[in-house]
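>>> give me the fold of what follows.
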Amino acid sequence: MAIPYTQASMALVRAVDGTFISYPFISDGDTTTKVYNLVCTQRASDYNAAQIDLDDNMSSAANAGVIDLPSGWADSNAYFVGDTGHAPSAGGMISFTRTFANIPQSTTIASGSAFVTFPGIFGFRTAEPLKTISDVKMTVGNIGVTITTTEAHDLIVGDNVNITMGFTIGSDPFIHSVSGNFLVLTAPSTTTFSIDIGYYWGEQVGLTLDSGTLVEGPIQRSPISKNQSTLTRYDYILPGVTPGISSTLDINLPPVFSVTSVVTGETTSTTSDGGGAVGTTIPTSTQYVDMIANDANIVIESSLAEWAGNILVQKTKTCKAR
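Sure, this is the predicted structure:
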């Protein structure tokens, strides 16, 4: 009677056809980060889930725990993130996917919009008399609209202005209403200036003013909530590999933007240069208005989560100060 024979190599992990490399962040502009997907087979009775440890690199076939790596695959900056998709195969074998990944590059991408509560501004400037808007127009290729006033203004680039205005677009009788506080983008004369009201056109259109008034500011205001466009930054961290991070507990998330009273040390909802119930704040009203003028971004949300294996992703969502 013939003695059954099994090749000794069947006890070893072999990378087979179907093995591939993916680039998970290519649509975000990261063409460097690779994820190595090794489709593997092994005799089921010899499979050892602890054969290699999370975070072991793929600098060689031995490090990857396989007989051979595909040509050119050795990568000491790719780290083991797990075996998945275990399935029985004919002849007492098992198949699974062994995955190694680079630590992804940091990326910042548009992340839609969110309602954000911005701080109040206490006593930054005394309100001036209302001025009448006499015309509004747009120029294709230029951000925002140009507003003409009946009376002379003293606005300069970076100032803020409070506006309420209605206008129609082309022959459409629908009246578009705009009301709020806006940053002055240009001020070519004492009767004209431009602001971004959130309307964008791909061709030249005619705007017809229905009515409009403005007051230079920003005037003292209470906290306001706005639906604001956001950006989210993704930073990837592998404790024990990322410099300065030996464990998850070493990671400090960026704090959400807040205003603090110098007097009490407590968070407050309104900025102040020294007046009001809270006294001086950090930032002061003047500093916060400068942040608005400089398009400074403030943190509105941050979190930490697992990306793959022990590689973590830190997400920091921001928007422009308003």
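
>>> where does the prediction get shaky in the chain?
Within the chain, the ranges that satisfy pLDDT under 70 run 1-9, 124-127, 217-219, 276.

>>> residue ranges of the helices in it, please?
61-64, 285-293 (DSSP state H).

>>> so which of those helices is nearest Asn160?
helix 285-293 (6.6 Å; Cβ to Cβ). Bear in mind the C-beta positions are built from the backbone N, C-alpha and C, glycine included.

>>> so who does the spatially most central residue of the chain touch?
By Cα atoms, centre = their mean, the mean C-alpha position of the chain lies nearest to Thr232, the distance being 0.7 Å. Taking Cβ atoms under 8 Å, 6 or more residues apart in numbering, we find Thr232 in contact with 108-109, 111, 315-318.

>>> now, the residues you listed that are in strands?
108-109, 111, 315-318 (DSSP state E).

>>> okay, those residues in a markdown table with neighbour count and distance to Val178 next?
Listed next are these as a markdown table, based on neighbours: other Cβ atoms under 10 Å; distance: Cβ to Cβ, whole Å:
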| residue | neighbour count | distance to Val178 |
| --- | --- | --- |
| Thr108 | 15 | 29 |
| Ile109 | 13 | 28 |
| Ser111 | 17 | 25 |
| Lys315 | 16 | 33 |
| Thr316 | 20 | 31 |
| Lys317 | 20 | 26 |
| Thr318 | 22 | 25 |
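
>>> which member of the residues you listed is positioned nearest Asp135?
Relative to Asp135, the closest of the ones in strands among the contacts of Thr232 is Thr318; by Cβ to Cβ it sits at 35.6 Å.

>>> how much space between that closest one and Ala152?
Note on Thr318: its distance to Ala152, by Cβ to Cβ, to the nearest Å, is 37 Å.

>>> now for Ser71, how many residues are close by?
Per other Cβ atoms under 10 Å, the neighbour tally for Ser71 reads 6.

>>> follow-up on the earlier one: measure the residue nearest to the centre of the chain to Tyr200 for me?
22 Å.

>>> repeat for Pro88
Distance of Pro88 to Tyr200, computed by Cβ to Cβ: 57 Å.

>>> I'd like the ones in strands among the contacts of Thr232 as a markdown table, with distance to Asn181 appended.
Below are those laid out as a markdown table (distance: Cβ to Cβ, whole Å):
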| residue | distance to Asn181 |
| --- | --- |
| Thr108 | 26 |
| Ile109 | 28 |
| Ser111 | 24 |
| Lys315 | 29 |
| Thr316 | 26 |
| Lys317 | 22 |
| Thr318 | 20 |
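
>>> how about the nearest residue to Gly82, chain neighbours excluded?
Gly309 (5.4 Å; Cβ to Cβ, 6 or more residues apart in numbering).

>>> same check, this time on Val116
Gln228 (4.8 Å).

>>> which ones are touching that neighbour?
Contacts of Gln228 (Cβ under 8 Å, 6+ apart): 113-116, 319-320, 322.
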